[in-house]
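K.L.:
give me a 3D structure for the following:
(4 chains)
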Protein chains: 2
Amino acid sequence: MMKRELNNSQTIQMQGHFLTTQRRLLLELIRDSEGHLDAKELYQRARARDESIGPATVYRSLNLFKELGLVDEMRLGKLRCYYEIKKSSEHQHLVCQGCGKVIEFQNPHFQELIKAVQREQGFKITRAELCLEGYCEHCEQEEKGDD
Amino acid sequence: MMKRELNNSQTIQMQGHFLTTQRRLLLELIRDSEGHLDAKELYQRARARDESIGPATVYRSLNLFKELGLVDEMRLGKLRCYYEIKKSSEHQHLVCQGCGKVIEFQNPHFQELIKAVQREQGFKITRAELCLEGYCEHCEQEEKGDD
DNA sequence: TTAAGTGCAAAGGCTTTGCAGCATA
DNA sequence: TATGCTGCAAAGCCTTTGCACTTAA
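P.N.:
A predicted model of the protein is given here:
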C-alpha cells in the first residue's frame, strides 16, 4: 500500500488556509480512496487513523476543499455525496447496484451531448454530471442466478 | 388555470392502496408543477390547499408513489430531490442556476452514450440520469451585465 | 506570537416512526 | 365495517454552529 505524502503543490492550493494535520489526513484519505467516499465514510476512516478527529472537522474541511476547488462533489447512487480529488480530465461515474463498485469512464459521446444541448437549448452549461447505475458483469450473473 | 381531476387510471395505479384526498391532492400538485418540486415545496403547496396536511403524509406519500412507480425522483441542482409524474418517454433535465428554471429535453446523443458505456464497460445499465446546470439565455445576459 | 483551526456539544434541518383517531373501499 | 391512512409529536440522521483551547505559519 503506497502512502505518498501530499506535496508542496497541495500547500499552495490551500490558498492561505493552513494545511493542518487533519486536513492533510482527509486529503490523503480522499485521494487514496480513488474518489468514492461520502462524508460519513470519510469520517470513519479518518477516525480510524486519528481517534480525536470530530465530524465537524470533516464537514468543515470538505466545505473548504470544495470552496478551494480541491475536491469534486458528486451525487452517485442513492442520495449520498461522494468526494474525490479534482482531476483535470473530465470523467463520469457508473455505480454497480450489486457490489457498490464505482467505475470512472470517459466517452466522446458525452461531450457531443453537452455541445448539442448547449446549442439546442441556448444554455451556457457550467456543470454536467452523468449518473449511471446498473449491474457489473459479475453482479449481473448473480442476478440471473437468483431469478 | 386548468384543474383536471385525476382519472380512474390513477386509481388503478394505486395497486390496492387507497387513493385518499391527500394523495390525490399531492399527485395533482406534482403533475401540475410540471414535475419540478422537492418535498418541502410540495408540502408547502399542499398546505396552502389543505391546512391540516402534515409533512409525514407528504413524505409517506412520496415514498409510496416512488414504490408504485407513479413518480420519478431526480437529483437536480444542489442536493434536493425533485419529483415528477412518471412519463413514458425518457427525458433529461437542465437547471438554470440564475432563475431556477428547469428545462426537459431529449437528445439522441444520450441514448448513444448509454449504449456505448454499456458496451464498453460491460455493465447492464438500469438507471441513467443526466444533471446539467448552467445559465439560460436570459440569465447569461444578466451575468454579463454584472461583470 | 496570534489568527485560524479544532473538538466538543448543542442546535438545526429534513425525514421517519409510533400511536390514537379517522376515512376509504 | 375493518383495515389502511392521517396528523401529531417525538425521535433519528446528517450537517452546521458556538465556544474555549490548540496549533500552524
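
K.L.:
okay, and the residue in chain A that DNA strand C sits nearest to sits in which element?
P.N.:
Residue of chain A nearest DNA strand C, by CB to the nearest atom of the strand: A:Thr57 (2.9 Å). From N, CA and C alone the C-beta is placed, and that goes for glycine too. Secondary-structure assignment from DSSP states H and E places A:Thr57 in helix A:55-68.

K.L.:
which residues touch that helix?
P.N.:
Applying CB atoms under 8 Å, 6 or more residues apart in numbering or on different chains, the contact partners of helix A:55-68 are A:13-15, A:17, A:22-23, A:26-27, A:30, A:39, A:42-43, A:46, A:71, A:73, A:83.

K.L.:
can you confirm A:Glu133 is in a helix?
P.N.:
No: counting by DSSP: H, G, I helix; E, B strand; the rest coil, A:Glu133 is not found in a helix; it is strand.

K.L.:
so it sits against A:Gly98, correct?
P.N.:
No: with contact defined as CB atoms under 8 Å, A:Glu133 does not count as touching A:Gly98 (10.3 Å).

K.L.:
so who does A:Arg23 touch?
P.N.:
A:Met14, A:His17, A:Ser61, A:Leu64.

K.L.:
relative to A:Gln97, how far out is the first one?
P.N.:
Looking back up the chat, that one is A:Met14. A:Met14 sits 37 Å away from A:Gln97, taking CB to CB, to the nearest Å as the criterion.

K.L.:
with the second one instead?
P.N.:
A:His17 sits 38 Å away from A:Gln97, going by CB to CB.

K.L.:
so these two - more neighbours on which side?
P.N.:
Using other CB atoms under 10 Å in any protein chain shown as the criterion, A:His17 and A:Gln97 rank with A:Gln97 on top: 17 against 14.

K.L.:
skipping adjacent residues, who's closest to that one in space?
P.N.:
Leaving aside its sequence neighbours, A:Gln97 sits nearest to A:Glu133 (CB to CB, 6 or more residues apart in numbering or on different chains; 5.4 Å).

K.L.:
enumerate the residues of chain A near DNA strand D.
P.N.:
For chain A, the contact set with DNA strand D under CB under 7 Å from any atom of the strand comprises A:11, A:18-21, A:38-40, A:55-56, A:59-60, A:62-63, A:81.

K.L.:
and the next helix or strand past the helix or strand of chain A at the bottom of the mean pLDDT ranking?
P.N.:
Ranked by mean pLDDT, DSSP states H and E, the weakest helix or strand in chain A is helix A:8-13, scoring a mean of 60. For helix A:8-13, the following helix or strand on the C-terminal side (DSSP H and E) is helix A:21-32.

K.L.:
near DNA strand C, anything from that next one?
P.N.:
Yes: on the criterion CB under 7 Å from any atom of the strand, helix A:21-32 is in touch with DNA strand C at A:Gln22, A:Arg23.

K.L.:
quick check, whichever strand or helix holds A:Ala48 touching DNA strand C?
P.N.:
Using DSSP H and E, the element containing A:Ala48 is helix A:39-49. No: using CB under 7 Å from any atom of the strand, helix A:39-49 stays clear of DNA strand C, with a minimum separation of 8.4 Å.

K.L.:
now that helix: average pLDDT?
P.N.:
Confidence for helix A:39-49, expressed as mean pLDDT, is 93.

K.L.:
and that helix with helix A:21-32, angle?
P.N.:
Note on geometry: by axes from the mean of the first three to the mean of the last three CA atoms, to 10 degrees, helix A:39-49 and helix A:21-32 are set 120 degrees apart in direction.

K.L.:
contacts for helix A:39-49 next, please.
P.N.:
A:22, A:25-26, A:29-30, A:33, A:37, A:53, A:55, A:58-59, A:62, A:80-81, A:83.

K.L.:
A helix includes A:Met74, no?
P.N.:
No: A:Met74 sits outside any helix when classified using three-state DSSP, being strand.

K.L.:
low pLDDT regions in chain A?
P.N.:
Applying pLDDT under 70 to chain A picks out residues A:1-12, A:35, A:76-81, A:86-89, A:142-147.

K.L.:
how about 80 then?
P.N.:
A:1-13, A:34-36, A:74-91, A:97-101, A:140-147 (pLDDT under 80).

K.L.:
re the thing from before, between the contacts of A:Arg23, which has the most around it?
P.N.:
Most surrounded of these: other CB under 10 Å gives A:Ser61, at 24 neighbours.

K.L.:
tell me how far it lies from A:Tyr82.
P.N.:
15 Å.

K.L.:
same question for A:Leu64.
P.N.:
17 Å.

K.L.:
same deal with A:Arg31?
P.N.:
Distance of A:Arg31 to A:Tyr82, computed by CB to CB: 13 Å.
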